[in-house]
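*Asks:* after the sequence you'll find the predicted model.
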Amino acid sequence: MQESYIQNLFAERIGGARYGKDTAIYKFEKIKRAKRAAMQENPGTELFDLGVGEPDAMADAGIIETLYTEAKRPENRGYADNGDAVLKKAAAKYLQDVCGVTLDAETQIVHSIGSKAALSILPAALINPGDVVLMTVPGYPVFGTHAKYYGGAVHNLPLLEQNNFLPDLKSIPAEVLAKAKVLVLNYPNNPTGASATPEFFAEVVAFAKANSLVVIHDFAYAALVFEGKPLSFLATPGALDVGIELHSTSKNFNMTGWRCGFVAGNELLVKAYSDVKDNTDSGQFLAIQHASAYAFDHPEITAEIAKKYSRRMDLLVDVLKAAGFQARKPRGSFFLYVAAPKTAEAKDGQGTIAFASGEAFSQWMITANLISTVPWDDAGAYVRFSVTFAAKDAEDEKRVVAEIARRLGRFTFRW
Ligand SMILES: Cc1ncc(COP(=O)(O)O)c(C=O)c1O
């Protein structure tokens with residue numbers, strides 16, 4: 001491309017005049033390239049993609065039918081702005097029935113065009129230059145990215161196995177805490193698969209009150225639980241005084257591409273979100289909102305999806321354990337997060353390969369085994385297996401996992 005004056009016009013937040021000249025290759029691009037190369041080198045060998053972070057299945061037929069019906073209604077055709085009452089009411093009922101949380105549909109709930117959109121909008125309502133956001137790592141970085149766009153700074157809280165992947169709030173230095181405004185949490189967690197506890201959420205509420213913090217709980221994997229009930233942050237006594245929760249149809253109802261969810265909780269925060277949202281987007285298509293309302297009216301859909309992931313998780317945990325991994329079935333999400341081995345020794349005497357990081361191990365897994373995972377090196381060397389891998393049915397799942405076992409079984413792993 002020819003150099004243009006446009007090159008000098010980019011904002012510093014995306015690199016200024018250096019924008020696009022960075023030659024570093026980012027994680028997901030590296031994975032994509034490695035997959036392409038592995039498939040070229042091994043034609044006919046199936047590549048198992050356990051890296052994808054989205055469901056492998058379609059939305060429920062009732063949701064799709066509702067979309068079809070609602071899309072034909074002339075009154076649904078226009079700008080939806082901050083939404084009508086349909087999704088709000090369904091969300092309030094869902095919060096009551098599934099999460100045990102009572103909210104006012106009119107003042108404490110507003111739809112979103114997915115949680116990613118909400119996480120990108122909220123910093124405009126909260127972050128001034130110099131403000132600090134407390135974010136967990138590894139994690140979903142969108143709120144922090146936008147907070148930095150507004151001149152804010154991110155303080156990372158590592159999620160460590162010895163703390164059950166919950167952040168250590170006491171570890172935050174006083175000078176950081178003095179500038180901190182927002183704490184972003186996500187349980188069930190991507191990528192660790194960890195769940196919160198009522199005790200931890202109670203500690204969060206007390207901590208937020210003591211330090212004047214807003215809590216944003218990203219509940220993207222809300223009801224994808226394998227045991228017990230979904231644990232909403234809003235069910236914590238006092239939570240409504242300090243925060244909001246982000247709900248999404250994406251993972252819970254196999255609707256990633258539909259782009260719909262809702263923000264719920266503290267009335268003032270919901271109002272601020274709505275005001276900035278109103279200046280950012282014009283709302284999700286009402287037919288999609290109404291189909292989402294149908295979804296939230298049918299939480300049994302999520303329970304069925306969770307059953308499938310639970311079944312796959314059992315298979316995968318057994319296989320990884322047999323290969324020596326410290327794999328423990330999570331209580332929710334669809335992620336299995338395990339420490340990357342330091343070495344793999346080929347049982348046929350072909351030698352030993354050493355891995356300096358989760359990324360090195362993940363790259364080798366693609367190249368040598370045609371198994372794709374996502375590496376995380378932010379808080380120890382780990383890889384994330386997702387049970388959203390493609391499989392036609394329960395029998396096919398067994399076939400896929402047995403083949404993964406066979407490929408891994410050729411090596412002795414050490415940590
Ligand atoms: C933790 C977390 N939050 C939010 C999202 C995005 O959700 P949505 O599709 O509702 O924008 C994801 C998607 O991967 C996620 O893992």
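*Replies:* Happy to help now that I have it.
*Asks:* what does the stretch 101-250 of the chain have sitting close to the ligand?
*Replies:* Listed as neighbours of the ligand in the stretch 101-250 of the chain under the rule C-beta under 6 Å from any ligand atom: 114-116, 140, 186, 190, 218, 220, 248, 250. (Each C-beta comes from the backbone N, C-alpha and C, glycine too.)
*Asks:* now do the helices in the stretch 251-400 of the chain.
*Replies:* All helices of the stretch 251-400 of the chain, identified by DSSP state H, counting those that start in this stretch, fall at 267-278, 286-296, 300-322, 358-369, 394-408.
*Asks:* so which of those helices gets nearest the ligand?
*Replies:* helix 286-296 (10.8 Å; C-beta to the nearest ligand atom).
*Asks:* what helices or strands is that closest one leaning on?
*Replies:* helix 61-71, helix 85-99, helix 249-252 (3 or more C-beta pairs under 8 Å, 6 or more residues apart in numbering; DSSP states H and E).
*Asks:* swap the cut-off to 7 Å and go again
*Replies:* helix 61-71, helix 85-99 (3 or more C-beta pairs under 7 Å, 6 or more residues apart in numbering; DSSP states H and E).
*Asks:* adding neighbour count, pLDDT and secondary structure, write the residues of the stretch 101-250 of the chain next to the ligand out as TSV.
*Replies:* Below are those laid out as TSV (neighbours: other C-beta atoms under 10 Å; pLDDT from 0 to 100; DSSP: H, G, I helix; E, B strand; the rest coil):
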residue	neighbour count	pLDDT	secondary structure
Gly114	22	98	coil
Ser115	28	98	helix
Lys116	19	98	helix
Tyr140	20	96	coil
Asn186	26	98	coil
Asn190	23	97	coil
Asp218	27	98	strand
Ala220	25	98	coil
Ser248	26	98	strand
Ser250	22	98	helix
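*Asks:* rewinding a little: quick check: which of the helices and strands packed on helix 286-296 is buried the most?
*Replies:* helix 85-99 (a mean of 20; mean count of other C-beta atoms under 10 Å).
*Asks:* angle of that one against helix 300-322?
*Replies:* Orientation of helix 85-99 against helix 300-322 (axes from the mean of the first three to the mean of the last three C-alpha atoms, to 10 degrees) gives an angle of 50 degrees.
*Asks:* right, so of the helices of the stretch 251-400 of the chain, which gets closest to Ser386?
*Replies:* Evaluated with C-beta to C-beta, the helices of the stretch 251-400 of the chain place helix 300-322 nearest to Ser386, the distance being 9.3 Å.
*Asks:* quick one: the strands in the stretch 51-200 of the chain?
*Replies:* 109-112, 132-137, 153-158, 180-185 (DSSP state E, counting those that start in this stretch).
*Asks:* each with direction, which strands does the first one pair with?
*Replies:* Looking at strand 109-112 with DSSP bridges, its paired strands and their directions are strand 261-265 (antiparallel).
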